[in-house]
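Peer 1: Predicted model follows, preceded by the sequence.
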Amino acid sequence: MFDIITDSACDLPREEIVRLGVTVVPFYVSTDGQTYLKEGEEMPVRDFYQFMVDQPAVLPKTSLPSLEDFEKVFRPRAAAGRPVLCLCFTGKMSGGVGSARNARQLVLEDYPDAVIEVVDTAAATVSEGATVENAAAMRDAGCTLADTLTWLEGTRPTNQIFFTVGNLDYLIKGGRIGKVTGRAANLLNVKPMIHFAEGEIFSGGMARGRQKSMEKAIEQLLGYLAERNADPDDYRIIVGYGYDVEEGRRFWMQLRAALRARYPDSSCEVGLLQIGATIAVHTGPYPLGVGVMRRWKPRS
């Protein structure tokens with residue numbers, strides 16, 4: 001048996017974290033550029049979104065967990081002889097995994113026999129959440145830490161997200177899209193489709209209007225499954241939404257209906273969670289999309 005540590009970029013709700021028996025190391029959020037609060041603990045995600053909606057001219061910031069934050073959760077487990085699997089937000093967008101690796105080295109100086117595996121999941125929000133859920137399922141089934149690491153590494157390329165945003169303002173502010181292109185797209189009510197894979201963001205095309213962008217995200221997921229001749233029950237599929245809870249639920253229902261129409265013999269389970277601050281600072285308050293990852297299943 002091993003312990004699972006992750007960071008708050010996995011965006012799993014508190015009740016799911018408790019159910020899975022996972023420990024979360026939070027990122028930090030700042031709305032004034034000076035005071036940084038722990039995401040989800042000192043700064044509830046709902047309050048963060050409300051600030052973004054009420055203060056659209058202000059660009060919030062996030063900060064990664066420190067070496068000390070990870071050390072505090074690694075050290076007592078090392079002292080107790082408990083192996084640790086630490087699953088971190090993509091290193092291509094944050095230095096959090098570096099903090100975890102440095103903390104590991106510090107703890108190993110005092111506990112050289114400790115087993116602390118730090119993994120760059122190349123994932124974020126719903127895809128990182130799916131990674132954590134898979135790891136917990138393997139742990140609970142009695143898989144070894146080594147076997148879990150091997151399986152997660154082998155299936156990492158299956159971990160992807162298809163999503164859109166409300167407008168391009170935050171991507172423009174963050175320097176992730178050209179100002180001229182972005183402003184023109186906003187004026188034309190064109191919504192960017194974004195594809196997240198292997199820890200990076202890529203263009204997924206464009207759609208005219210919010211509903212069309214939702215439909216396109218569904219089409220992209222269906223295309224992903226079709227390319228692999230896959231049964232959706234072999235994948236973890238999770239919808240993520242931002243400020244608008246009702247829109248998130250509506251998209252979730254549309255996605256489930258589309259999956260069940262295409263795969264009538266499958267149960268087509270779809271999770272639903274609110275995207276956290278670590279991604280929302282780049283997307284603004286209205287991100288909406290779906291993540292997918294191969295589901296671990298015990299051999300029958």
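Peer 2: Okay, I see it.
Peer 1: ok, Cys86 to Val132 distance?
Peer 2: To Val132, Cys86 is 11 Å away according to C-beta to C-beta, to the nearest Å. Where C-beta positions appear, they are placed from N, C-alpha and C, glycine not excepted.
Peer 1: er, Ala258 I mean
Peer 2: Taken as C-beta to C-beta, the span from Ala258 to Val132 is 26 Å.
Peer 1: More neighbours: these two, which one.
Peer 2: More neighbours surround Val132 than the other of Ala258 and Val132, with 25 against 16 (other C-beta atoms under 10 Å).
Peer 1: got the contact list for that one?
Peer 2: Contact analysis of Val132 by C-beta atoms under 8 Å, 6 or more residues apart in numbering lists 4, 6, 10, 12, 20, 22, 87.
Peer 1: Any idea which helix or strand in the protein has the lowest mean pLDDT?
Peer 2: Taking mean pLDDT, DSSP states H and E as the measure, the helix or strand of the chain with the lowest value is helix 179-187, at a mean of 47.
Peer 1: got the contact list for whichever helix or strand comes after that helix?
Peer 2: Moving toward the C-terminus from helix 179-187, the next helix or strand (DSSP states H and E) is strand 190-197. Residues outside strand 190-197 that contact it (C-beta under 8 Å, 6+ apart) are 124, 127, 157, 159-165, 168, 171, 177, 185, 201-210, 212-213, 216-217, 220, 289, 291.
Peer 1: Selection in PyMOL covering whichever of these are buried, please.
Peer 2: Here is the PyMOL selection string for the buried members of the contacts of strand 190-197, based on 16 or more other C-beta atoms under 10 Å:
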select buried, resi 124+127+159+160+161+162+163+164+165+168+171+177+185+201+204+207+210+212+213+216+217+220+289+291
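Peer 1: Need the residues that contact stretch 139-154.
Peer 2: Contact partners of stretch 139-154, identified using C-beta under 8 Å, 6+ apart, comprise 1-2, 4, 83, 85, 115, 117, 119, 121, 131, 134-135, 138, 296, 298.
Peer 1: now it, how far from the centre of its chain.
Peer 2: Offset of stretch 139-154 from its chain centre (C-alpha atoms, centre = their mean, to the nearest Å): 20 Å.
Peer 1: hey, where'd the helices end up in this protein?
Peer 2: Secondary structure of the chain (DSSP state H): helices located at 14-20, 45-54, 67-80, 96-110, 125-140, 145-155, 169-173, 179-187, 210-227, 245-262, 277-283.
Peer 1: TSV for those, including distance to Lys61?
Peer 2: Listed next are the helices of the chain as TSV, based on distance: least, C-beta to C-beta, whole Å:
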stretch	distance to Lys61
helix 14-20	24
helix 45-54	11
helix 67-80	17
helix 96-110	14
helix 125-140	17
helix 145-155	30
helix 169-173	11
helix 179-187	20
helix 210-227	27
helix 245-262	24
helix 277-283	6
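Peer 1: Which stretch among those helices approaches Val270 most closely?
Peer 2: Among the helices of the chain, helix 245-262 comes nearest to Val270, with 5.1 Å by C-beta to C-beta.
Peer 1: Output the contacting helices and strands for that closest one.
Peer 2: helix 210-227, strand 235-241, strand 271-274, strand 288-294 (3 or more C-beta pairs under 8 Å, 6 or more residues apart in numbering; DSSP states H and E).
Peer 1: Could you pull out the buried residues of it?
Peer 2: Per 16+ other C-beta under 10 Å, helix 245-262 contains these buried residues: 247-248, 251-252, 254-256, 258-259.
Peer 1: which residues touch the residue nearest the centre of the chain?
Peer 2: The chain has Thr125 as the residue nearest its centroid, 1.3 Å off, counting by C-alpha atoms, centre = their mean. For Thr125, the contacting residues are 9-11, 161, 240, 273, 275-276, 278-279, 291, by C-beta under 8 Å, 6+ apart.
Peer 1: ok, 6 Å please
Peer 2: 11, 240, 275, 279 (C-beta atoms under 6 Å, 6 or more residues apart in numbering).
Peer 1: Can you report how many residues neighbour the third one?
Peer 2: Read that as Ile275. Counted by other C-beta under 10 Å, the residues lying close to Ile275 total 30.
Peer 1: In strands, which of the contacts of stretch 139-154 fall?
Peer 2: Members of the contacts of stretch 139-154 lying in strands (criterion: DSSP state E): 4, 85, 117, 119.
Peer 1: Now flag whichever of those residues is closest to Glu109.
Peer 2: Relative to Glu109, and with distances defined as C-beta to C-beta, the nearest of the ones in strands among the contacts of stretch 139-154 is Glu117, at 17.2 Å.
Peer 1: That's all I had, so thanks and see you.
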